[in-house]
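**Q** Sequence first, then the predicted structure:
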Amino acid sequence: MANHILTTTLDVKKIREDFPVLGRQVRPGVPLIYLDSTATSQKPTSVIETMDRFYRNSNANIHRGIHVLAEEATAAYEEAREKVRRFLNAPSSRQVIFTRNTTEAINLVAYSWGLSQLKSGDIVLLTEMEHHSNLVPWYLLAERLGLRLEYVSVSDEGLLDVADFERKLELKPKLFAFTHMSNVVGTINPAKEMIAKAHQVGAITLLDGAQSVPHFRVDVRDLDVDFLAFSGHKMCGPTGIGVLYGKKDLLEQMPPFLGGGDMIKRVTLGSFKPNELPYKFEAGTPAIAEAIGLGAAIDYLSRIGMDAIAQHEHALVSYALDRLAEIPNLRIFGPSADKKGGVVSFVMDGVHAHDIAQVLDQSGVAIRAGHHCAMPLHEKFQIPATARASFYLYNTFDEIDHLVNAIYRVKDLFGV
Ligand code: 7TS
């Protein structure tokens, strides 16, 4: 075993007690080892109880009724928005728009900003490491408007090619939309520098924060990013709630995305006047309990501290990379630990990734296998699928040892 100093500032034993599901066995005598937080994180009791309390005590629709419950629900929903604002260091909570998830937030930008601001021949710059959520909306828009899509290439190590990025910027893209952290290889892209360079050529920037906001401090003012999208369910919050942050002048000039109740100021037969921010983009009854649950998740993460969480995950991924490197015939994708977050993807000679995941599941080790909604990146690496283990604040060094032992069992079973 590599000589590793297993240090973390987190009291992980205590943190694990906050997550009821982590105490369960997946089969009699087989405890759960959850290494799939990149897909969705587990939820602490404080989030579950906050949502339960809302439904038991204050459930009502927001912004409409004049009664105690409606006022409490509205206040709690808006308080959650303020928590998001503080978490991101956004200038105003009016710039925090609740969506269903990252995917919807990116689609909102594509259909509202994109449809109104882009025209035939305009260039949208993406990267080869994007999740399908930050590819397909642009494909759809490109088809409709005649846009030209360009991609920053990814090196064999799983890093964005800086020279290629600079070459592509010379094409003067109107938008540069890219992921802060890869959900496959874990690469953390130097977002601040890339945003500054994109701004120099006049591009608007959209950062996919699905894998960054849950795992380390993301400050929209420091990054100077124009749009940021992320999901509540990957950061200890519930499913069904996500966020789009945007710069105020951009959001103000954008037309509504969806039409309906709450997003209007006035409706006559045949016309409407859109509501002000952020309501202009929140048509219909929103995910009220989920927004409040996200607020509780932010409280939880903030209490522990994003820097401590990032440090813990860094220690875990360093350890995991060292331990996995000991295993013969295992090919690990992505850069060294100093350039990535808590995600490790690998393939094993002679065994399909799905078979790895299935055998690991027998040992209670929950990982994911497939293309992880990043097919172009897998094509680049010329593989159909990878097995992926991912870590969060509640994972332990012991769990990584279990992962490694379970991989050895796969090797025994398949005779490789
Ligand atoms: N962007 C990135 C970088 C992601 O990792 C994901 C989800 C999304 C966007 C979409 O998020 P959603 O909440 O809108 O679905 N990633 C994964 C994954 O890696 N496995 O399952 C979901």
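**A** Cool, the structure landed.

**Q** quick check: domain ranges of this structure?
**A** 12-31+305-414, 48-303 (automatic domain parsing).

**Q** Output those as TSV; include the columns distance to S41 and mean neighbour count.
**A** Every C-beta, even on glycine, is put in place using the N, C-alpha and C of the backbone. TSV is the format used below for those (distance: least, Cβ to Cβ, whole Å; neighbours: other Cβ atoms under 10 Å):
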stretch	distance to S41	mean neighbour count
domain 12-31+305-414	6	18
domain 48-303	5	19
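
**Q** nearest to the ligand, of the ones you listed?
**A** domain 48-303 (3.1 Å; Cβ to the nearest ligand atom).

**Q** Make CSV from the domains of the chain and add mean pLDDT to it.
**A** Shown next, in CSV, are the domains of the chain (pLDDT from 0 to 100):
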stretch, mean pLDDT
domain 12-31+305-414, 97
domain 48-303, 97
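
**Q** which stretches of the stretch 301-416 of the chain form helices?
**A** For the stretch 301-416 of the chain, the helices defined by DSSP state H, counting those that start in this stretch cover 306-325, 353-362, 375-380, 397-414.

**Q** K13 is nearest to which of those helices?
**A** helix 397-414 (10.7 Å; Cβ to Cβ).

**Q** which helices and strands does that closest one pack with?
**A** Helices and strands touching helix 397-414, by 3 or more Cβ pairs under 8 Å, 6 or more residues apart in numbering; DSSP states H and E, are strand 33-34, helix 306-325, strand 343-348, helix 353-362, strand 365-366.

**Q** contacts for the fourth one?
**A** With contacts defined as Cβ atoms under 8 Å, 6 or more residues apart in numbering, helix 353-362 is touched by 26, 30, 347-348, 366-370, 384-387, 403, 406-407, 409-410, 413-414.

**Q** where along the stretch 1-150 of the chain do the helices fall?
**A** Secondary structure of the stretch 1-150 of the chain (DSSP H, counting those that start in this stretch): helices at 12-17, 45-53, 68-88, 102-108, 115-117, 136-145.

**Q** chain center to the shortest one: distance?
**A** It stands for helix 115-117. Centre-to-centre, helix 115-117 and its host chain are 25 Å apart (Cα atoms, centre = their mean, to the nearest Å).

**Q** what's the answer for the second one, then?
**A** From the chain centre to the centre of helix 45-53 is a distance of 22 Å (Cα atoms, centre = their mean).

**Q** Just the CA coordinates for that helix, please, in CSV.
**A** What follows is helix 45-53, C-alpha atoms only, in CSV (Å, rounded to 0.1, in the frame of the first residue of the first chain):
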residue,chain,number,x,y,z
THR,A,45,-31.7,14.2,8.8
SER,A,46,-31.9,18.0,9.0
VAL,A,47,-33.0,18.3,5.3
ILE,A,48,-35.5,15.4,5.6
GLU,A,49,-36.9,16.9,8.8
THR,A,50,-37.1,20.5,7.4
MET,A,51,-39.2,19.2,4.5
ASP,A,52,-41.3,17.0,6.8
ARG,A,53,-41.9,20.0,9.1
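
**Q** for that helix, packing partners?
**A** Contact partners of helix 45-53 among helices and strands, from 3+ Cβ pairs under 8 Å, 6+ apart: helix 288-304.

**Q** What is the helix it packs on packed up against?
**A** Counting contacts by 3+ Cβ pairs under 8 Å, 6+ apart, helix 288-304 packs against helix 45-53, helix 68-88.

**Q** any residue of that helix up close to the ligand?
**A** No - legend: contact between helix 288-304 and the ligand by Cβ under 6 Å from any ligand atom is lacking; minimum distance shown is 12.3 Å.

**Q** now that helix against helix 68-88, angle please.
**A** 40 degrees (axes from the mean of the first three to the mean of the last three Cα atoms, to 10 degrees).

**Q** ok, residues contacting helix 288-304?
**A** With Cβ under 8 Å, 6+ apart as the criterion, helix 288-304 contacts 10, 15, 18, 43-44, 46-47, 50-51, 54-55, 59, 61-62, 73, 76-77, 79-81, 83-84, 86-87, 98, 214, 232, 235-241, 243, 309, 393.

**Q** sorry, back to before: may I see the helices of the stretch 301-416 of the chain arranged in CSV, with distance to S93 as well?
**A** Formatted as CSV, the helices of the stretch 301-416 of the chain follow (distance: least, Cβ to Cβ, whole Å):
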stretch, distance to S93
helix 306-325, 19
helix 353-362, 41
helix 375-380, 35
helix 397-414, 37
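
**Q** Quick check: which of these is nearest to N107?
**A** Among the helices of the stretch 301-416 of the chain, the nearest to N107 by Cβ to Cβ is helix 375-380 (18.8 Å).

**Q** CA atoms of the closest one as CSV?
**A** Only the C-alpha atoms of helix 375-380 are listed here, as CSV (Å, rounded to 0.1, in the frame of the first residue of the first chain):
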residue,chain,number,x,y,z
MET,A,375,-20.6,10.0,-24.4
PRO,A,376,-18.3,12.3,-26.4
LEU,A,377,-15.6,12.1,-23.7
HIS,A,378,-15.8,8.3,-23.7
GLU,A,379,-15.5,8.3,-27.5
LYS,A,380,-12.4,10.5,-27.1
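
**Q** and that helix, what other elements does it pack with?
**A** If you count contacts as 3+ Cβ pairs under 8 Å, 6+ apart, helix 375-380 packs onto no helix or strand.

**Q** so how far is it off the chain centroid?
**A** 19 Å.

**Q** need the residues of the stretch 301-416 of the chain near the ligand, please.
**A** Contact residues, the stretch 301-416 of the chain versus the ligand (Cβ under 6 Å from any ligand atom): H372, C373.

**Q** and if we set it to 5 Å?
**A** H372 (Cβ under 5 Å from any ligand atom).

**Q** Show me which residues of the stretch 51-200 of the chain sit near the ligand.
**A** Counting by Cβ under 5 Å from any ligand atom, the stretch 51-200 of the chain sits next to the ligand at N101, T102, T103, H131, S133, T179, N183.

**Q** ok, so of these, who is nearest A287?
**A** Comparing those against A287 with Cβ to Cβ places N101 closest, at 10.0 Å.

**Q** mind checking the backbone torsions on that closest one?
**A** The phi/psi pair for N101 (degrees, to the nearest 10) reads phi -170, psi -180.
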